[in-house]
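S.K.: have a look at this fold, sequence not included:
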């Protein structure tokens, strides 16, 4: 038997039903706000419908991604908590430094190989400085999400986003590749990228 919308429900809402109801209200509020914004910017009414549909898709995917991401965050937290129980405070800090340096060591290896291929000799002190520089500015050309302390997924999509991120990282390197940091070091290596 079908009930009418004005009948009183005899059982309380489940947690999922309540969350869906709250999300629906939040999306409706957001859609109403953005409809006004789009219209103010001259978007045509037929385009508003298309943008609203896209907004619903983004909203839905973001909520699903958040639900999927939670177990990953919980696992990383559990690992870290267990490690703190097992290791001394000093060993734990040293281990964290090791984990945090991994992506930058890979980058330094790539820079050293590139320098060598161009006939630029970089000694152990330069290797150490590169590692320090990359670590300070968190410069890495790759992202990993499966390590215990890796950043959570934040993929870049589109040429503009990737280029902007790389320009930002390149700029940080150039700013730090100064005679104060390097002595008379390999600034030209960075400028040639």
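M.R.: That came through, no problem. Here the structure is a predicted model, which means the values were calculated and not measured. Residues are numbered from 1 along each chain as shown.

S.K.: what helices and strands are in contact with the host helix or strand of residue 164?
M.R.: Using DSSP states H and E, residue 164 falls within helix 159-176. On a contact count with 3 or more CB pairs under 8 Å, 6 or more residues apart in numbering; DSSP states H and E, helix 159-176 meets helix 124-137, helix 187-191. Glycine gets a C-beta too; all of them are placed from N, C-alpha and C.

S.K.: how far off helix 124-137 does that helix point, in degrees?
M.R.: Relative orientation of helix 159-176 with respect to helix 124-137: 130 degrees, computed using axes from the mean of the first three to the mean of the last three CA atoms, to 10 degrees.

S.K.: show me what the mean pLDDT comes to for helix 159-176.
M.R.: This predicted structure assigns helix 159-176 an average pLDDT of 72.

S.K.: how much space separates the closest residue to residue 101 other than its chain neighbours from residue 64?
M.R.: Counting by CB to CB, 6 or more residues apart in numbering, residue 135 is the residue found nearest to residue 101 once chain neighbours are left out, at 6.0 Å. The spacing between residue 135 and residue 64, counted by CB to CB, to the nearest Å, is 34 Å.

S.K.: ok, now which ones touch residue 21?
M.R.: Contacts for residue 21 (CB atoms under 8 Å, 6 or more residues apart in numbering) come out as residue 13.

S.K.: which of the helices or strands spans it?
M.R.: Taking DSSP H and E as the definition, residue 21 sits inside helix 15-40.

S.K.: swap in residue 92?
M.R.: In the assignment (DSSP H and E), residue 92 maps to helix 89-117.
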